[in-house]
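Asks: Mind looking at a prediction? Sequence and model below.
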Amino acid sequence: MNPRKMIYHPSNLWKNKNILVGVCGSIAVFKIAHLVSYLVKSGANVQVVMTDNAQHFVGKSTFEALTGRKVYDGLFNFQGEIPHIELARKNDLILVAPATANIIGKIACGIGDDLLSTLCMVEPQKLFIIPAMNHKMWRNPAVQENLDKLRTRNIKVLSPERGKLACGEEGEGRLPEVENIIEEMFYFVYGDKFLSGKRVLVTAGATREWLDPVRYISNPSSGIMGYSLAAQAKALGAEVILISGKTHLRVPSGVESEEIDTALQLAEKTEELFPNCDILFMSAAVSDFRPEVQKSSKIKKHQQKLLGLRLVPTTDILSAISKIKKPEQIVVGFCAETENPLEEGRRKLKTKNLDLIIANLIEKDKSGFEVLTNKAWIIDYKGKEIEFPLLDKRDLAEKIFWHLKGVFQQ
């Protein structure tokens, strides 16, 4: 697992989903080949439609090999079919990427002069447009006016990223990375939006408590659980802020992030942001202790005999939060234990005034730190307890939110 390529969505999200990918003429088409490959491997049924110009960059055989299906590229060369109607109707999502200024203009103005532009007019509510072009073309007023037309029709448009472009220039116009595209697709297709209008605060990763400028006390938390919660909250319609210790993970697409280092920094940032949030997920692995004294210079080997490491407790963040928590706010805690996680979860639920707690079993190479899976229990303030089998943390994040949904419906 490459943490910088981590994609946060439930493991079965794309299984049996029907996705049409409309490919236009852009050098960024190579990223779409990677995207199609990922979707197929994830269980999706992917149908590719290519414009004539797209085939100057990559041949049909590439996408036919990836999908196991013929590529459509014309309105009239398929006997017994009406492709622009059938393709639009039978697919759950119509992704146009890379979307050129040309195809954007056609869709905005209702022009259908090839297969892709024509099928985009059949069921526009399924459209997901991902532009890619030179930064000067992107800023062209005509292009921006066309994009505004699409947005006013509630057509999803994912703006390009800033970076080095194929022409060698720097600027906005670069097709987003595949990981970001897939997460944005996740947010788009996920049906339930019960967190719409809510602000969700998530803490994730490990804190570090410094002994000297080069050594610290910490734990092996990967941050995957918290990052998965942040992405799931975004898919459910929330505005999401992620406070994270240092990790190797990429931040989920569309999620605002704040980086911290020590438990004190985490406490200060959480207390600053929590009053304006509806839900807090305290999933960070916070160090319970810190050195009483932090040396200002590196401790040398010859000083070892003089080294006495005295530890003092760090700030109890959840106890502090409980003092400023409003009745309508929801606080979800986490505990990670090598023994008796359920009992410790029950205790912390009461002593820290939590609405919900997720108790996790730490089991080397199976559950908890530095692995993709968790063995967990949910305990809520009403005394309801749910035990889960060993789950992918991204699947566990989804299940936590389904349980939380019941809190909103009370």
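Replies: Looks like it arrived, so ask away. Numbers count the residues shown, from 1 in each chain.

Asks: Would you agree Glu370 is in contact with Met225?
Replies: No: counting by C-beta atoms under 8 Å, Glu370 stays clear of Met225, with 11.6 Å between them. Just so you know, the C-beta spots here come from the backbone N, C-alpha and C atoms, and that holds for glycine as well.

Asks: Could you list the low-pLDDT ranges of this protein?
Replies: 1, 76-81, 167, 302-307, 407-410 (pLDDT under 70).

Asks: Grab the longest helix from it for me.
Replies: Across the chain, the longest stretch assigned as helix under DSSP state H is helix 393-408.

Asks: Would you check how far apart Lys269 and Ile241 are?
Replies: For Lys269, the distance to Ile241 equals 9 Å [C-beta to C-beta, to the nearest Å].

Asks: neighbour count winner among those two?
Replies: Per other C-beta atoms under 10 Å, whichever of Lys269 and Ile241 has more neighbours is Ile241, with 22 against 18.

Asks: Quick one: the helices in the chain, in order.
Replies: 29-41, 60-67, 83-90, 101-109, 115-119, 135-139, 141-152, 178-189, 224-235, 263-273, 317-324, 341-351, 393-408.

Asks: now the first one against helix 60-67, angle please.
Replies: This points to helix 29-41. Calculated by axes from the mean of the first three to the mean of the last three C-alpha atoms, to 10 degrees, helix 29-41 forms an angle of 30 degrees with helix 60-67.

Asks: still on that earlier bit, quick one: which of Glu370 and Met225 has more around it?
Replies: Shown here are Glu370 and Met225; by other C-beta under 10 Å, Met225 has more neighbours (30 against 11).

Asks: Run through the residues that contact that one.
Replies: If a contact means C-beta atoms under 8 Å, 6 or more residues apart in numbering, then Met225 has Ala204, Ser283, Phe334, Asn374, Lys393, Leu396, Ala397 as its contacts.

Asks: For Pro160, which non-adjacent residue is spatially closest?
Replies: Gly173 (5.0 Å; C-beta to C-beta, 6 or more residues apart in numbering).

Asks: residues touching Arg4, list them.
Replies: Neighbours of Arg4 in contact, by C-beta under 8 Å, 6+ apart: His248, Leu249, Arg250.

Asks: Pipe these into CSV and attach neighbour count and distance to Val71 per row.
Replies: Listed next are these as CSV, based on neighbours: other C-beta atoms under 10 Å; distance: C-beta to C-beta, whole Å:
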residue, neighbour count, distance to Val71
His248, 11, 37
Leu249, 20, 35
Arg250, 18, 31
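
Asks: for the closest residue to Pro213 other than its chain neighbours, what are its contacts?
Replies: Nearest residue to Pro213 in three dimensions, chain neighbours excluded: Lys298, at 6.0 Å (C-beta to C-beta, 6+ apart). By C-beta under 8 Å, 6+ apart, the contact list for Lys298 reads Asp212, Pro213, Val214, Arg215.

Asks: Please report the distance of the closest residue to the last one other than its chain neighbours from Ser218.
Replies: Beyond its immediate neighbours in the sequence, the residue positioned closest to Arg215 (C-beta to C-beta, 6+ apart) is Ile299, lying 7.4 Å away. Noted for Ile299: a distance of 17 Å to Ser218, by C-beta to C-beta.

Asks: Against Val331, how distant is the residue lying closest to Glu271 once chain neighbours are set aside?
Replies: Once flanking residues are discounted, Glu271 sits nearest to Ala320: 6.3 Å by C-beta to C-beta, 6+ apart. Ala320 sits 11 Å away from Val331, going by C-beta to C-beta.

Asks: Compare neighbour counts for the two and give me the winner.
Replies: Val331 (22 against 15).

Asks: what about the closest residue to the more buried one other than its chain neighbours, how many neighbours?
Replies: Among residues not flanking Val331 along the chain, Leu280 sits closest, at 4.9 Å (C-beta to C-beta, 6+ apart). Using other C-beta under 10 Å, the number of residues around Leu280 comes to 27.

Asks: quick one: Leu280 and Ile330 touch, right?
Replies: Yes: using C-beta under 8 Å, Leu280 is in contact with Ile330, at 7.3 Å.

Asks: so which of the helices of the chain gets nearest Gly254?
Replies: Relative to Gly254, the nearest member of the helices of the chain by C-beta to C-beta is helix 224-235, separated by 5.5 Å.

Asks: Having no further points to raise, I will conclude here.
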